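> 3D, please:
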Amino acid sequence: QVQLVESGGGLVQAGGSLRLSCTASQRTFSQYFMGWFRQAPGKEREFVAVIHWNNSPSYADSVKGRFTISRDNAKNTLYLQMNSLKPEDTAVYYCAAGVVFGQMIRHYDYWGKGTQVTVSS
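Model prediction:
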């Protein structure tokens, strides 16, 4: 069982930046593919980014060039650097761990409880 805890959300103006963190409970963190998803009010949860255990990333088109996913296996921590934020980025952001390198919710076995990101116009 892997427990994931997100932090770093908050309120920011459009054009601003935030850095999200996700800390995992297990030392086997490095063996998982780690992803970020988000869910806006009234919408389905959607893929944001995923990082392979070899540090190769993949991004949703909507965040490509603005967001950067990274991981520190020594600290069991996943990050999401979000720059040039837009009001449409407002959502609850979730980190997830899985054994499949993919963009689908079903690819992930463990989820955090989420952190709120609000971008004002």
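
> any idea how far the residue at minimal distance from the centre of the chain is from residue 121?
Nearest to the geometric centre of the chain sits residue 36, at 2.5 Å (C-alpha atoms, centre = their mean). Shown here: residue 36 relative to residue 121, a distance of 23 Å by C-beta to C-beta, to the nearest Å. All C-beta spots, glycine's among them, are computed from the backbone N, C-alpha and C.

> return the set of buried residues in stretch 90-101.
Buried positions in stretch 90-101, judged by neighbour count with 16 or more other C-beta atoms under 10 Å: 90, 91, 92, 93, 94, 95, 96, 97, 98, 101.

> so how far is that stretch from its chain's centroid?
5 Å (C-alpha atoms, centre = their mean, to the nearest Å).

> and the gap between residue 39 and residue 72?
From residue 39 to residue 72 the distance is 25 Å (C-beta to C-beta).

> ok, residue 94 next?
Separation of residue 94 from residue 72 (C-beta to C-beta) stands at 19 Å.

> cool, residue 59 as well?
Counting by C-beta to C-beta, the separation of residue 59 from residue 72 is 19 Å.

> okay, these two: which has more neighbours?
residue 59 (19 against 13; other C-beta atoms under 10 Å).

> how about the strands in this structure?
For the chain, the strands defined by DSSP state E cover 4-7, 10-13, 18-24, 33-39, 46-51, 57-59, 67-72, 77-82, 91-98, 110-111, 115-120.
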